[in-house]
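Trainee: Sequence and computational prediction follow.
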Amino acid sequence: MNGKLKVTGVVTGVALFIGVTGWISTAPYLSNEGLGRTPGVIIGGTLTEPPGDFTPLNGRHEGPLMMKQAGFPPLVIYLSWVGTPDGVITATRPDGGYWAQRVRDRGGDGLLRIGD
């Protein structure tokens, strides 16, 4: 009986490790349904200084941006956006949705990835 429990534990641990590793390396997913709403951990890109005015980025980069909030957990999500002279405005639920609340609670600190 002890041998079966040990094998079951090892198999469960390996499956969990593979699942978590797969999630970390592939999420976030670009959609708004089902698993597409799953946040990721890796944002990628090259760290650069933010521009003084984000408005010129509006025509050059189509599609959503990736945002990684400061603090724990370090989750990465896709957001619709528009550039302004002061930064970016992102689309979020008007009723104080989860991601908007996280931004307010953490002072807006984090990383943005716009384009490739």
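Mentor: Okay, I see it. Numbers count the residues shown, from 1 in each chain.
Trainee: Now residue 87: closest residue in space, sequence neighbours ignored.
Mentor: Nearest non-adjacent residue to residue 87, counting by Cβ to Cβ, 6 or more residues apart in numbering: residue 54, 5.9 Å away. Using the backbone N, CA and C atoms, a C-beta is placed for each residue, glycine as well.
Trainee: gap between the one you found and residue 65?
Mentor: 10 Å (Cβ to Cβ, to the nearest Å).
Trainee: in the protein, which ranges drop under the pLDDT threshold?
Mentor: 1, 29-38, 92-97 (pLDDT under 70).
Trainee: Got the phi and psi for the residue nearest to the spatial centre of it?
Mentor: Centroid-nearest residue in the chain, with Cα atoms, centre = their mean: residue 76, separated by 1.3 Å. When read as degrees, to the nearest 10, the backbone of residue 76 gives phi -110, psi 130.
Trainee: Determine the number of other residues adjacent to the closest residue in space to residue 61 that isn't next to it in sequence.
Mentor: Spatially, and ignoring its direct neighbours in sequence, residue 61 is nearest to residue 115 (4.0 Å; Cβ to Cβ, 6+ apart). By other Cβ atoms under 10 Å, the residues close to residue 115 number 11.
Trainee: roughly how far apart are residue 115 and residue 80?
Mentor: 14 Å.
Trainee: repeat for residue 65
Mentor: Taking Cβ to Cβ as the measure, residue 65 falls 8 Å from residue 80.
Trainee: and these two? which has more neighbours close in?
Mentor: Using other Cβ under 10 Å as the criterion, residue 65 and residue 80 rank with residue 65 on top: 18 against 12.
Trainee: What's opposite the more buried one in the beta bridge?
Mentor: residue 79 (DSSP bridges).
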